[in-house]
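K.L.:
Here is my input, please return the structure:
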Amino acid sequence: MTVQKLACVLREYPAGPVAASKVDELFKLVVASWQKFSGSGKTSMEARKILRGEGPEEVSWSPPYLSFVIERRIGTVFGSIRVEKQRWTLNLEKRTADQMWIGRRQLRPNATKFDVKPLADRVCEAVQEGPSSASRLVSDGIIFWKSDDELIVLHGRIIRGEYQRTVGRRRNRFIADLKSKMETIGWELGSLGRGLTFKRTK
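P.N.:
You can find the predicted model right below:
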């Protein structure tokens with residue numbers, strides 16, 4: 001009955017974009033009848049997701065097709081800063097639902113470019129000065145001397161940020177750069193965990 005009621009309501013609408021004032025009323029019927037359309041479950045789509053966020057946009061009626069655009073937050077739980085835009089088209093005669101990806105929207109700005117090389121240089125300078133170095137890296141316990149020939153660099157306290165993936169990439173670049181520079185001053189990376197353990201080689 002819900003699909004039939006939706007079809008009856010749409011018969012009163014002129015072809016073309018649906019007025020914003022009509023969208024809320026119309027999509028109560030779309031949500032109620034969603035499961036009646038074959039293909040409505042594609043990309044793990046559920047009726048409740050239609051009204052999330054800004055709700056349906058670019059709603060258009062071209063008998064027998066009702067189309068609209070929604071944003072899907074697929075991937076945001078993994079740290080993505082974008083949402084995917086989907087266009088859904090309902091065929092009221094055949095009771096089918098088809099979708100296609102049409103783009104993305106940025107949720108927040110990209111993290112600014114970050115140069116890890118100066119940080120690696122500061123670590124190497126402090127290491128060369130030894131345990132008595134006046135560097136804050138030593139006084140704050142970021143560089144921790146276990147002995148004259150072994151030390152730990154707590155890289156997680158040097159490079160932080162909001163975006164997990166970005167921080168991970170920065171830390172990887174930092175580790176690679178620091179490892180190379182420490183080797184030139186006689187230190188070898190022994191192990192990598194919550195901290196970077198370096199041992200003196202000369």
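
K.L.:
thinking Arg157 is in contact with Ile142, fair?
P.N.:
Yes - between Arg157 and Ile142 a contact is recorded at 5.2 Å, counting by Cβ atoms under 8 Å. The way it works is simple: take the backbone N, C-alpha and C, and place the C-beta from them, glycine included.

K.L.:
I'd like to know which helix or strand in the chain has the lowest mean pLDDT.
P.N.:
Using mean pLDDT, DSSP states H and E, strand 96-106 stands out as the lowest-scoring helix or strand of the chain, at a mean of 86.

K.L.:
ok, residues contacting the next helix-or-strand element following it?
P.N.:
Downstream of strand 96-106, the first helix or strand assigned by DSSP states H and E is helix 117-129. The contact list for helix 117-129 (Cβ atoms under 8 Å, 6 or more residues apart in numbering) reads 133, 135, 137-138, 143, 151, 153, 158-159, 174, 177-178, 181-182, 185, 187, 198.

K.L.:
at 6 Å what do you get?
P.N.:
Residues outside helix 117-129 that contact it (Cβ atoms under 6 Å, 6 or more residues apart in numbering): 133, 135, 137-138, 143, 153, 158, 177-178, 181, 185.

K.L.:
Can you name the next helix or strand after that helix?
P.N.:
helix 136-139.

K.L.:
Could you name the helices and strands sitting against the helix or strand that that following helix is followed by?
P.N.:
Downstream of helix 136-139, the first helix or strand assigned by DSSP H and E is strand 143-147. With contacts taken as 3 or more Cβ pairs under 6 Å, 6 or more residues apart in numbering; DSSP states H and E, strand 143-147 sits against strand 150-153.

K.L.:
how deep is Ile102 tucked in, by neighbour count?
P.N.:
11 (other Cβ atoms under 10 Å).

K.L.:
still on that earlier bit, may I see the buried residues of the least confident helix or strand of the chain?
P.N.:
Going by neighbour count (16 or more other Cβ atoms under 10 Å), the buried part of strand 96-106 is 97-99.
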